[in-house]
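Chemist: pasting the sequence and the predicted model now:
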Amino acid sequence: QKEVEQDPGPLSVPEGAIVSLNCTYSNSAFQYFMWYRQYSRKGPELLMYTYSSGNKEDGRFTAQVDKSSKYISLFIRDSQPSDSATYLCAMRSGNNRLAFGKGNQVVVIP
Amino acid sequence: GAVVSQHPSWVICKSGTSVKIECRSLDFQATTMFWYRQFPKQSLMLMATSNEGSKATYEQGVEKDKFLINHASLTLSTLTVTSAHPEDSSFYICSAQEDSTDTQYFGPGTRLTVL
C-alpha cells in the first residue's frame, strides 16, 4: 500500500462549480498536510498548509483534515478557468520528507 | 513571499555530457533542500535530500555518483547530472525548506533534454 493515495483521474467541471479533491494516507505519523497546485511545465505552488484535524479556509479554498480516518480534502468554491491545473496533496511527518499523491488534473470549463 | 529560483529553466545537451542545475532560496535560509524528478503526467519523485554542509541522502534506486549534489550555502544547492543519457531527460524540480517554518517551497523546475 502506498503511503498516500490520490485518484489521479482527470476532473472536468463547469465554471462556478465546486471542485472536490481528496487523498487518503496510511502512515499515522504524518502530522502536516499540504495541497500544492502545479501548472503545466511549472513547479508546484503551495496552496494550503495545515497540521490539525478540521477545516482551514483561505479565500475560495478550504482544506479539510480528518486524522481519525486518514483522509484529507481540498474544496475550491466558485471555480474559475484559471484554477485549471494539477493539484497534489502532500504530507510529512517530523522527518521533513514529503510524501506526494499522484495529483489530480482539474479542468474548469468556461 | 518565499521564492525559490532554478537555473537554467531548460537545457538541451548531448549524451555523455554533464549538466549542472542550481537551486536558490532568494529570501530565506534553507538548511535542507530537496531534489525531485517528474516525468510527464506523473507525480514528483524524490531523488535526494540535500543538507547544507553535509552529504546528501539519496532515495533508493538513485545513483549518487550520477546525480551529484552540493549544498554549499544556506541558499544554494546544485544538482549535477553526470554523463547524461536520453533516459535522464525529465523535469527536475528542487524545493527549499524554510528554516524558520519548515515549509517547503518549490522552484519552477528545469527541463532537461538529452539528445
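Modeler: Cool, got the structure.

Chemist: so the residue in chain B positioned nearest to chain A bridges to which residues?
Modeler: Taking CB to the nearest CB as the measure, the point where chain B comes nearest chain A is B:F106, at 4.0 Å. C-beta here means a position set from N, CA and C on the backbone, and glycine is covered the same way. Bridge pairing for B:F106 (DSSP bridges) gives the partners B:S95.

Chemist: try B:S90
Modeler: With DSSP bridges as the rule, B:S90 is bridged to B:L112.

Chemist: that one and B:Q60, how far apart?
Modeler: 18 Å (CB to CB, to the nearest Å).

Chemist: those two - which one has more neighbours?
Modeler: B:S90 (21 against 4; other CB atoms under 10 Å in any protein chain shown).

Chemist: so that one touches B:Q38, yeah?
Modeler: Yes: with contact defined as CB atoms under 8 Å, B:S90 reaches B:Q38; the gap is 6.7 Å.

Chemist: mind listing what A:S84 touches?
Modeler: Counting by CB atoms under 8 Å, 6 or more residues apart in numbering or on different chains, A:S84 touches A:V106, A:V107, A:V108.

Chemist: and chain B, which residues reach chain A?
Modeler: By CB under 8 Å from any CB of the partner chain, the residues of chain B that approach chain A are B:4, B:6, B:32, B:34, B:41-44, B:46, B:49, B:91, B:93, B:95, B:97, B:102-109, B:111.
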